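Trainee: kindly return the folded structure for what I paste below:
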Amino acid sequence: MTRPAGTANRSSDYSLHRLGVICGLAAGAGLGAAEAPTKLVTLGVSPFLISLGMVAGVFVARWTVPMVLKGSDYIWADLRQKPHLVVWALLAGMIWAVANTLTVFAIRDVGLSVAFPLWNTNSLVGLFWGWLLFRELRDAGPRQWAKVLGGATAIVAGACLTAYATAHQSGGATRSAMMGIAAALGAGLLWGTMYIPYRKAYISGMNPLSFVTVFTFAELGTVLVLAVAYEGGVGNLGKALSVAQPGLFWLFLGGFCWVIGDLYQQYAAKYIGIGRGIPLSNTNQLWGLAWGVLVFGEFAGLDGSARALVVGGSLVMIAGAVAISFAEAQAGEQSSWRLAVRRECDRYGLDPNQVASALAGEDPLSAGSSSRRWWEYAVAAGAVGVFVWLGLRAERPQIPIDATWGALLTAVTVVALIASGVVLYRRTRFS
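Mentor: Residues are numbered from 1 along each chain as shown. Predicted coordinates:
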């Protein structure tokens, strides 16, 4: 049932908050696993080539997953209703592409377990933009502000600890370590800013699956331009891709995992806002730490004090994210959110009732969607075929790994993503 804009159902709001929390935590699992293939950079593969390989996998997945879940007619109907958001989705994709490339440089210079906490300072950036532009935390009350500000302080403190540990690991603030720190923090700044288009789309009632379908064109285009420019032209890029072919499967797989994690992050941003949803998704740093330490042995060369700093910094940052996530929006703040929604409706001529229905987890477009097209199944089969083709040519990277821990982390990640998907489907039908 559609609710008029400006009304509130308390039990529904709380259930949506729990749903947002589940999606945020699931995003952390998916995004954490997605970064593992970027360890190929330690074998001398170009960061731009790694980013291009991942984004190619992202492109394939972001066309396929929305089409499988909702169908192309649904996606186009959603975009036709909100054409002004297309440019925002393209902008978000361009920002993401640059940030993702910076993360590869960060992993090369300071390692996965250290880079993760640094770029997750995007929580602070997203929190600021949510407050400034979308009225998040307005009229929230002192208790909620205390949780958010305390969590933000913990995130900054944790980032400082991990940055210091990086310098300590290398025996001082070497140029390589400082460049890695700068790359990770730059990625955090860009990703935090990228959440502006996210929130703008969702308070307008757009489905996350529609948003990411447009988003991916800018991703692929931007990374392709970067790769051509920095690899010395199209010819050199083609040769580099041919040489790197045995590792492309792992990059595609990382891109696919990223899409799944990012979709959950999108739903978290939709239902509980970027100020709360993004810190929750930043639990990916614990997953990144687990992959870096347990699978790739990144702590092998560290002494006890450096290990304590990295672990302590990560735990402090997670504690900050948890504190922020428990700052649940109460009646006063929800009223402020509705003012932001009304602003978007008035500015772009949107139907307030339909937007309110979408924000409540309902799906006003489903009734008008038609049956699936035959070519949608062909697209899905083609995507599977790409992965099979690359998989047959894949080789195990010559990187020391602990296969037992790798298999265990993979299994836990898959279970978490599937279980969260079931909850999301039952509550919203992926609305």
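
Trainee: now do the same contact list for the residue positioned nearest the centre of the chain.
Mentor: Per CA atoms, centre = their mean, the C-alpha nearest to the average position across the chain is that of Asp262, at 3.7 Å. Applying CB atoms under 8 Å, 6 or more residues apart in numbering to Asp262 gives the contacts Ala27, Gly30, Leu31, Val212. C-betas here are computed from N, CA, C, even on glycine.

Trainee: just the buried positions in the host helix or strand of it, please.
Mentor: Using DSSP states H and E, the element containing Asp262 is helix 245-272. Of the residues in helix 245-272, those with enough neighbours to count as buried (16 or more other CB atoms under 10 Å) are 247-272.

Trainee: quick check: which ranges of this protein have low pLDDT?
Mentor: Across the chain, residues meeting the criterion (pLDDT under 70) sit at 1-14, 40-44, 112-113, 163, 165-175, 301, 367-371.

Trainee: what sits up against the helix or strand encompassing Ala383?
Mentor: Under the criterion DSSP H and E, the helix or strand holding Ala383 is helix 374-392. When contacts are defined by CB under 8 Å, 6+ apart, helix 374-392 is touched by residues 60-61, 63-64, 67-68, 71-72, 245, 248-249, 252-253, 256.

Trainee: any idea how far Gly247 is from Tyr267?
Mentor: Between Tyr267 and Gly247 the distance is 31 Å, computed by CB to CB, to the nearest Å.

Trainee: which residue sits closest to Glu219, ignoring its sequence neighbours?
Mentor: For Glu219, ignoring the flanking residues on the chain, the nearest one in space by CB to CB, 6 or more residues apart in numbering is Gly93 at 4.2 Å.

Trainee: mind giving me the packing neighbours of the helix or strand hosting the one you found?
Mentor: Counting by DSSP H and E, the element that carries Gly93 is helix 85-110. With contacts defined as 3 or more CB pairs under 8 Å, 6 or more residues apart in numbering; DSSP states H and E, helix 85-110 has these neighbours: helix 47-70, helix 112-119, helix 175-202, helix 208-231.

Trainee: with just CA atoms, put the shortest one into PDB.
Mentor: What that stands for is helix 112-119. Presented in PDB, the C-alpha positions along helix 112-119 are these (Å, rounded to 0.1, in the frame of the first residue of the first chain):
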ATOM      1  CA  LEU A 112      45.700  -4.600   1.700                       C
ATOM      2  CA  SER A 113      45.300  -4.800   5.500                       C
ATOM      3  CA  VAL A 114      46.600  -1.200   6.000                       C
ATOM      4  CA  ALA A 115      45.100   0.400   2.900                       C
ATOM      5  CA  PHE A 116      41.500  -0.600   3.800                       C
ATOM      6  CA  PRO A 117      41.100   1.400   7.000                       C
ATOM      7  CA  LEU A 118      42.700   4.500   5.400                       C
ATOM      8  CA  TRP A 119      40.300   4.700   2.400                       C
END
